[in-house]
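Q: any chance you could fold what I've pasted below:
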Amino acid sequence: METSRVHFYLPKGVFFVEGEDAAPFLQGQFSQDIRTADGFRAYGLWLNRKGKILADSFMLRISESRFLVVSYFGETEVLRDNLENRIIMDEVETRSTESGWFGVSVWGEAIERVLELAKLERPSGDGFSSCDGVYAFWGRRGEETNLEILFGNEADRKSMESSLSEIGIQLISAKSVRILALREKCFQVGLDIQDSDLPQEVGLADVAVSYTKGCYIGQEVMARLKSMGRSRRTLECVSAPKMLEGNGPWELRGTDGSRAGELRSVVCDGAEIIGVAMLKRALSEEKTFEVAGQSAVAICQAMQGTDD
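A: Purely as a prediction, here's the structure:
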């Protein structure tokens with residue numbers, strides 16, 4: 001299975017939201033519309049009142065009174081506290097499990113094999129499937145389609161890992177997954193995207209925000225930014241000719257010496273160094289920037305423009 005790849009990981013955020021008011025309560029908190037049929041999976045954001053991104057997650061609608069929230073990098077306790085602080089008279093509670101959760105990201109031909117091993121049906125594009133506390137839904141790791149399998153106990157995960165190793169499917173590291181996402185400009189909230197960022201600046205306005213669902217936290221800012229057309233900053237994938245001195249973020253300067261933004265982080269991909277930079281949109285067309293305070297050869301080149 002040459003096109004098959006698998007990544008085992010521990011999702012940072014997994015918890016249930018339950019209660020007779022769960023659906024209307026979450027509808028007023030989450031950036032995506034969840035007024036859907038049971039078995040629906042949505043990807044969206046948790047915003048503050050200024051429209052800045054607190055975290056992202058998948059929302060699995062098990063029933064009108066029970067939802068499962070899954071986040072790659074958003075911490076369970078942070079997400080739960082955010083919701084708990086907004087519950088006033090709603091019949092809603094959040095609940096996490098003591099045993100923990102274990103995730104598997106799958107690409108290529110291995111998807112069908114993993115579904116078979118997990119005894120799960122192939123989920124629809126906007127849906128999820130489940131059996132005996134194991135969930136399957138489509139993830140967000142890059143342009144290539146990938147499946148996420150979520151296990152509620154370690155024994156099932158170990159059994160899956162053993163079975164996949166026996167048939168020779170390639171296991172890839174967290175670093176490889178991140179490089180794949182960076183190169184395809186699938187920036188990750190909690191790694192590349194910070195709580196000072198707006199969805200429009202990081203390529204998430206079209207994939208994670210609903211403009212028709214009505215009121216939710218941050219909705220007024222989203223509507224205003226949509227009417228403006230463009231954000232003032234843009235997150236870019238960049239390359240550099242060598243490793244940089246010190247720890248990021250590093251200030252970036254344009255060709256005229258003006259401040260252009262910041263290089264947030266870098267990672268080695270073989271002989272190449274790539275990273276993430278937040279740039280002023282007005283200067284992003286320059287494509288070449290100098291890292292302030294370092295030699296002139298420490299140049300970052302924007303690989304591709306961010307969608308509006």
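Q: quick one: low-confidence parts of this structure?
A: By pLDDT under 70, the low-scoring segments of the chain are 1-2, 284, 286, 292-308.
Q: find the centremost residue of it, please.
A: Closest to where the C-alpha atoms of the chain average out (C-alpha atoms, centre = their mean) is Gln188, at 4.2 Å.
Q: hang on, it packs against Arg178?
A: Yes - Gln188 is within contact range of Arg178, at 7.2 Å (criterion: C-beta atoms under 8 Å). Yep, even glycine has a C-beta here, placed from its N, CA and C like the rest.
Q: C-terminal to the strand or helix carrying Arg264, what's the next element?
A: Assigned by DSSP states H and E, Arg264 belongs to strand 259-269. Using DSSP H and E, the helix or strand that follows strand 259-269 towards the C-terminus is strand 272-280.
Q: which strands or helices does that next one pack on?
A: Applying 3 or more C-beta pairs under 8 Å, 6 or more residues apart in numbering; DSSP states H and E, we find strand 272-280 packed against helix 174-183, strand 233-240, strand 259-269, strand 299-302.
Q: winner for burial among these?
A: Stretch with highest mean neighbour count among the helices and strands packed on strand 272-280: strand 233-240 (a mean of 22; mean count of other C-beta atoms under 10 Å).
Q: now do that one against helix 174-183: the angle between them, please.
A: Relative orientation of strand 233-240 versus helix 174-183 (axes from the mean of the first three to the mean of the last three C-alpha atoms, to 10 degrees): 120 degrees.
Q: and the next helix or strand past strand 233-240?
A: For strand 233-240, the following helix or strand on the C-terminal side (DSSP H and E) is strand 250-253.
Q: direction included, what does that following strand pair up with?
A: Strand 250-253 has the following strand partners under DSSP bridges: strand 259-269 (antiparallel), strand 288-291 (antiparallel).
Q: Arg66: which of the ones you listed is closest?
A: Minimum separation from Arg66 across these (C-beta to C-beta) falls at strand 259-269, 37.1 Å.
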